[in-house]
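> need coordinates for the below:
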Amino acid sequence: MRTFRTAALGATLLALLVGACSSGGGSPSPSAASAPPETSAPSEPAASPSAAAGPALSTTLRLGGPPECPERPFCLLGLNETYGLEFAEFVPLDAGGPLTVTALTGGQVDVGLLFTSDPAIATNGFVLLEDDMQLQLADNIIPVVRQEVLDANPGVADLLNTVMERLTQEELTNLNKAVTVDARPAAEVATEWITAQNFDASSAGLEGDIIVGSTNFYEQEILGEIFAQMLESNGATVERKFQLGNREIVFPALESGEIDVLAEYAATALEFVNEGAGEATTDPVATSDALRAALEPRGLAALNPAAATDQNGFVVTQATADQYGLTKISDLAQPAPAP
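Predicted structure coming up:
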């Protein structure tokens, strides 16, 4: 993920980071950001394939990721402890960046760490392996809204929750690609997506002024534009305040009423609000509920989480996926084919 999401988690979280995330200084380049925050211990080790079945497929594959990956609970250490995976070789590259992409496309590694909404996944036709044993924390996209705005316009919650229902991982990745790779304006991409979802037919009957904000991370601006257009088309007068800076700037802006709506990430937002208390889990429902409880005293509310996330993900090329029948991380534990 990106720096603006981790800057204030404090020293208690720094030892767990795979790398730095996108930051308050400006939008990072796709596939050049560092890994998301790591704030909890991995689960119990998965059972290894039986000796009778032979070595696991992973023992024949090379994993590429940030240099710190072998010691990080949400990277190689977690893959070993949660999934029981060992790899033939670890190749130190970067944290979800261009070195990893190049190594995957060039065949220098077989499995690479990217971020789950990285446009490089769509651009290169990579297969994002499902985290079926829930190694990563639940950093699902989730709207955060000032309670005063919801009290004045209850329809805002229904409207934005409808958007979250449609925001799959593939949809988010393609939105990011359209803006950062295809160089299309975020407003144009948002309009096209809203139309494709038939959202322009909705009518929530909103009133008054609503201010939609974002940090200086391209993904948040795209989501902010979708929120803004949805609110406008349903009667609200919307002001956009995008590229405001990092979380240390946007959260006080939410609390003070300088902005009213923000696209957030459930686990990272919870750890930010609770100053790294370690309450975030791999369960999006439980993590979202904890975030709601933490935001209530601040006059803020978290709506429903999307299926889409922006967190550590492990990808393979389509050719590798087809060769071994890979769709999820646990597939890497299947017996290796006979030589």
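> least confident secondary structure element in this structure?
Here the helix or strand of the chain ranked lowest by mean pLDDT, DSSP states H and E is helix 11-14, holding a mean of 32.
> need the CA coordinates for the following helix or strand past it. PDB is fine.
Counting by DSSP states H and E, the next helix or strand C-terminal to helix 11-14 is strand 62-65. The C-alpha trace of strand 62-65 is given here as PDB (Å, rounded to 0.1, in the frame of the first residue of the first chain):
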ATOM      1  CA  ARG A  62      11.000 -18.500  -7.000                       C
ATOM      2  CA  LEU A  63       9.400 -15.800  -5.000                       C
ATOM      3  CA  GLY A  64      10.200 -12.100  -5.600                       C
ATOM      4  CA  GLY A  65       9.500  -9.300  -3.100                       C
END
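> what distance separates the helix or strand that strand 62-65 is followed by from the centre of its chain?
Going down the chain from strand 62-65, the next helix or strand is helix 76-83, by DSSP H and E. The chain centroid and the centroid of helix 76-83 are separated by 20 Å under CA atoms, centre = their mean, to the nearest Å.
> can you show me the strands along the stretch 101-250 of the chain?
Secondary structure of the stretch 101-250 of the chain (DSSP state E, counting those that start in this stretch): strands located at 111-115, 127-128, 141-146, 209-213, 237-241.
> next, count neighbours for residue 318.
Residue 318: 12 surrounding residues under other CB atoms under 10 Å. Where C-beta positions appear, they are placed from N, C-alpha and C, glycine not excepted.
> once you drop chain neighbours, what's closest to it?
residue 125 (5.0 Å; CB to CB, 6 or more residues apart in numbering).
> is it true that that neighbour touches residue 316?
No: with contacts counted by CB atoms under 8 Å, residue 125 stays clear of residue 316, the gap being 10.6 Å.
> in terms of neighbours, single out the busier of those two.
residue 316 (24 against 11).
> so how far is residue 179 from that one?
With the distance defined as CB to CB, to the nearest Å, residue 316 ends up 25 Å from residue 179.
> just to revisit the earlier point, buried deepest among the strands of the stretch 101-250 of the chain, which one?
Across the strands of the stretch 101-250 of the chain, averaging neighbours per residue (mean count of other CB atoms under 10 Å) puts strand 111-115 on top, at a mean of 28.
> give me the distance from that strand to the chain's centre.
On CA atoms, centre = their mean, the centre of strand 111-115 falls 13 Å from that of its chain.
> tell me where the stretch 101-250 of the chain has helices.
Ranges of helices within the stretch 101-250 of the chain are 119-124, 147-152, 155-166, 169-180, 186-196, 218-233, 247-256, based on DSSP state H, counting those that start in this stretch.
> residue 137 is in contact with residue 74, isn't it?
Yes: with contact defined as CB under 8 Å, residue 137 reaches residue 74; the gap is 7.5 Å.
> for residue 264, which non-adjacent residue is spatially closest?
Closest to residue 264 by CB to CB, 6+ apart is residue 144, at 4.7 Å.
> the one you found and residue 295 touch, don't they?
Yes: if you go by CB under 8 Å, residue 144 and residue 295 touch, sitting 6.7 Å apart.
> shared neighbours of the two, anything?
Residues touching both residue 144 and residue 295 by CB atoms under 8 Å, 6 or more residues apart in numbering: 301, 302.
> now stretch 107-123: how far from the chain's centre is it?
The mean C-alpha position of stretch 107-123 is separated from the chain mean by 14 Å, CA atoms, centre = their mean.
> report the buried residues of that stretch.
Neighbour counts over stretch 107-123 (16 or more other CB atoms under 10 Å) mark 109-123 as buried.
> okay, now the unreliable bits of the stretch 151-300 of the chain?
By pLDDT under 70, the low-scoring segments of the stretch 151-300 of the chain are 201-202.
> switch to 80 and redo it
200-204 (pLDDT under 80).
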